[in-house]
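Quick one, what's the 3D model for this:
(one chain, ligands or ions: 1)
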Amino acid sequence: MTEVLSNYIGRFAPSPSGPLHAGSLVAALASYLDARAHRGTWLLRIEDIDEMRTVPGAVAVIMQALAAFGMQHDGAVLVQSQRKDLYQAACDRLTAHVYPCGCTRKEIADSRLGIAADGAAIYPGTCRHGIAAGKTARTLRLRVPDAGQADETITFDDRWLGPLTQHLATEVGDFVLKRADGYWAYQLAVVVDDADQGVTHIVRGTDLLESTGRQIYLQRLLGLPTPSYMHVPVVLNESGEKLSKQTGAQALDLAHPLDELLRAARFLGLPIADAQSLADFWRLAIAAWAQRFGAQ
Ligand code: GLU
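This next block holds a predicted model:
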């Protein structure tokens, strides 16, 4: 195991909906390099909270891929589907901010205030003051502050993108904590787990940037610390879509791990021309990352 010399705790948190692809390797590589450049801890968390998307066997395949790349995680692997009691406990602490919502997707689509940057409908708050007669609760929603209130604006300094601002009322809206299918929302699980694992630095793709405001707001409501954030570019396919199983992403070629790593490093703008072996690659890549992003 790599020697841990600092208080830095980072993590890679894949959803086991399929094997790693070129896009998830970039996220894994960036978080791994940042942790190692800081001589910190790199945790692995399996985000299988959306059990409808979990593919049997995917966890083993992801772990084999990480091993083939020489990316060793520290400590025990945390699995979200085994932690539902903690998400329930966090939700119980948010009672003053949570309300049941009886709106269907169709009703929300018809009444939405707009479309959030991640493509979701901005909920107009229909059920804020109670569910209309004849309707039943489908989801649990978290009420965000109204426009103009001080805590409605979330600002943070992204280590890749610089200072960023999100307005919860106008860009996000009241968001779901517990889904209509009974599963806890990613936003709640990730906040609970990052705090529980003492994560100090989150390095992930810009596809999750729109979630960060919600996560910081939840951290504040729950009295949890806010980690440092870095959102790295995501790999797109020829049609400009984020790589995923749905958009036909190829699994990585584990017979040639060095080629895959060199490609991912190049995508992140790390000049590592002459690595001949995995050991060379890691030595050069960690040094290049440390030089570019500093290792405080
Ligand atoms: N599980 C998420 C994904 O695979 C990542 C969550 C995160 O890094 O916060 O997209």
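
Secondary structure element holding Val192?
helix 186-196 (DSSP states H and E).

so the residue nearest to Gln88 when sequence neighbours are not counted bridges to which residues?
Of all residues not flanking Gln88 in the chain, Trp184 sits nearest, at 7.9 Å (CB to CB, 6 or more residues apart in numbering). (Glycine included, C-beta is placed from N, CA and C.) Beta-bridge pairing of Trp184 under DSSP bridges involves Lys178.

Could you tell me how many residues sit around Trp184?
As a burial measure, Trp184 scores 24 neighbours (other CB atoms under 10 Å).

Contacts only, for it.
Counting by CB atoms under 8 Å, 6 or more residues apart in numbering, Trp184 touches Ile49, Lys84, Tyr87, Gln88, Cys91, Leu177, Lys178.

For Ile131, see how far away it is.
Using CB to CB, to the nearest Å, Trp184 is found at 20 Å from Ile131.

Can you point out the helix or strand that includes Arg36?
Assigned by DSSP H and E, Arg36 belongs to helix 22-37.

That helix packs against which elements?
Judged by 3 or more CB pairs under 8 Å, 6 or more residues apart in numbering; DSSP states H and E, helix 22-37 is in contact with strand 9-12, strand 41-46, helix 58-69, strand 201-205, strand 228-232, helix 257-267, helix 278-293.

Sheet-wise, list the partners of the fourth one with their directions.
Partners of strand 201-205 in the sheet, by DSSP bridges, are strand 228-232 (parallel).

which residues sit against the strand it pairs with?
By CB under 8 Å, 6+ apart, the surrounding residues in contact with strand 228-232 are 26-27, 30, 34, 156-161, 200-206, 208-209, 212, 268, 293.

and the ligand, which of the contacts of Trp184 contact it?
Among the contacts of Trp184, no residue sits close to the ligand (CB under 6 Å from any ligand atom).

Any chance of a ChimeraX selection covering the buried ones in these?
Buried residues among these (16 or more other CB atoms under 10 Å), as a ChimeraX selection:
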select :49,87,91,177,178
